[in-house]
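[1] Pasted the sequence and its predicted model underneath.
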Amino acid sequence: MQYIWQHRLWSLADMTTVDGKPIRIIDPGTLNTDAGPDFFNAKILIDNNMWVGNVEVHVRASDWKKHHHDLDKAYDSVILHVVEKDDAPVYRTNGELIPQMVLHYAHDFGERYSALVASTQSLPCAALLRDTPSLTLSEWIQSLAFERLQAKTERIKALYDNFCGSWEEVCYVTLSRNLGFGINNDAFERLARRTPLRLLHKHCDSLLQIEALLFGQAGMLNSSLHPHDAYYQQLCSEYAFLANKFTLAPIEAEAWKSFRIRPQNFPHRRIAMLAHYIHNGFRLMENILNATTEEALRQLFTVELTGYWANHYSFADTATSAHKALGNSSIDIILINTVAPLFYAHAAITGNYDFADRAISLLESLRAEKNSIVDTFVKAGVPCKDALTSQALIQAKREYCDTRKCLYCAIGHRLLSQAAMKKP
């Protein structure tokens, strides 16, 4: 009912109060998302008299008393009560009768809305998407892409405040989280927060000590395991010393998931890669900001693992050749989820909006992600040519489709508006 009122989706041009007085809606008002009447500062012509004030919306008129608005002076400013069912008159606290109207809308609206939100399909509007005008689609995708970037920016801003403006700390935690590639994101972020960059920098001249700290804090070291693996036992010895010195506590080993993950993507190799970045000092944020081309950015993440990790996927699994830490598609994901958001957040925090342009340009230059969400939209007729679009589709699926917020999605709004404007 609020949605129909806000977007003027009523189906009758000539409306009246329940006692027959003509109504003309000049301005439906501003939706209130806090306590109090549903809409502020509406302008409504009732029986040729202009009223300016607030509007309250209910399914049943009797909800006014049920919600105790008749005893709340905050609702004395209501100039019109909008309902679907007129089953009771409503009054202000001083006993004055409040004008009331029944809001008429098309039956197709309710039916289509119910069909969308009750659908068991992952994409409820899939059958209708092909008929959506290309301009509507492109505007919707652009809006979603910026919405997703803004959400990631808010997360980075929180890190920036938490680390007192240290961009390298922000980059360290952001990169660590995204090395989880979805399934291990939370575990990697916990590892990074549990093992601060300032601690790692104290030992950055020793790759072995950095690896010992990271693997130990990850809960992956136990001296009773792999007794014949000299490297593993050395890590255990180093971590025992450092953990005692700095009073360290690891996260639980059960936080890590390897089921259905390809061996080259095991978290062990990602941790080894993170250690590589920290060795000799972590200056990745500086390098990211100074990189002027996509190729320069790619080079920052093109890491060749040496020593033990040149032929190991984990402490138990060996490989004939496992030098390359990240393939091209994995580097794409890092650029999408780490570099572009860091650019965008840096622009928002510093006011240097050249980095916002760089974030958008980078996403437009990268290939679209390949995953089940993107495939679902592509099969429904939504073209996806670059990472900016694939990020938008992920935002749509997670924030609107999965939560059935069809009312707030541009495509859902268009479909429901068409249904609402039909005659009841």
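    Arrived safely.
[2] longest strand anywhere in this structure?
    Determined from DSSP state E, the single longest strand within the chain is strand 49-60.
[3] Other residues contacting the following helix or strand past it?
    Remark: after strand 49-60, the chain's next helix or strand is helix 63-66, criterion DSSP states H and E. The contact list for helix 63-66, computed with C-beta atoms under 8 Å, 6 or more residues apart in numbering, reads Glu56, His58, Asp70, His81, Ala88, Val90. All C-beta spots, glycine's among them, are computed from the backbone N, C-alpha and C.
[4] What residues of helix 63-66 count as buried?
    Asp63, Trp64 (16 or more other C-beta atoms under 10 Å).
[5] and what of stretch 287-306?
    Quick answer for stretch 287-306 (16+ other C-beta under 10 Å): Ile288, Leu289, Ala291, Leu297, Arg298, Leu300, Phe301, Val303, Leu305.
[6] distance between the ends of it?
    End-to-end span of stretch 287-306 (C-alpha to C-alpha, to the nearest Å): 22 Å.
[7] Widest-spaced pair of the buried residues of stretch 287-306?
    Leu289 and Leu305 (25.7 Å; C-beta to C-beta).
[8] Now a PyMOL select for only the buried ones of the contacts of helix 63-66.
    In PyMOL, a selection of the buried entries from those looks like this (16+ other C-beta under 10 Å):
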select buried, resi 56+58+81+90
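[9] Pick the one among the contacts of helix 63-66 closest to Ser361.
    Nearest to Ser361, judged by C-beta to C-beta, of the contacts of helix 63-66 is Glu56 at 47.3 Å.
[10] give the contact list for that closest one.
    If you count contacts by C-beta under 8 Å, 6+ apart, then Glu56 has Pro37, Asp38, Phe39, Trp64, His69, Tyr75, Val78, Leu80, His81, Val82 around it.
[11] before we move on, back to that, what is the nearest of the buried residues of stretch 287-306 to Ala212?
    Closest to Ala212, out of all of the buried residues of stretch 287-306 and judged by C-beta to C-beta, is Leu305, at 16.4 Å.
[12] wait, doesn't the closest one sit right on Ala272?
    Yes: using C-beta atoms under 8 Å, Leu305 is in contact with Ala272, at 5.8 Å.
[13] got a list of what Ser77 touches?
    Taking C-beta under 8 Å, 6+ apart, one finds Pro37, Gly53, Asn54 in contact with Ser77.
[14] and what of Leu242?
    By C-beta under 8 Å, 6+ apart, the neighbours of Leu242 are His203, Gln209, Ala212, Leu213, Gly216, Leu248.
[15] next one: Asn48
    The contact partners of Asn48, by C-beta under 8 Å, 6+ apart, come to Pro22.
[16] mind checking how far it is from Asp14?
    Going from Asn48 to Asp14 by C-beta to C-beta, to the nearest Å gives 14 Å.
[17] shared neighbours, the two?
    Common neighbours of Asn48 and Asp14 (criterion: C-beta under 8 Å, 6+ apart): Pro22.
[18] If you count residues, where's the longest helix of the protein?
    Longest helix in the chain, counting residues (DSSP state H): helix 134-162.
[19] what helix or strand does Ala396 sit in?
    helix 387-396.
[20] which helices and strands sit right next to that helix?
    helix 134-162, helix 354-365, helix 372-379 (3 or more C-beta pairs under 8 Å, 6 or more residues apart in numbering; DSSP states H and E).
[21] Give the buried residues for the first one.
    The reference is to helix 134-162. Those buried within helix 134-162 under the rule 16+ other C-beta under 10 Å are 137, 140-141, 144-146, 148-149, 152-153, 156, 159-160.
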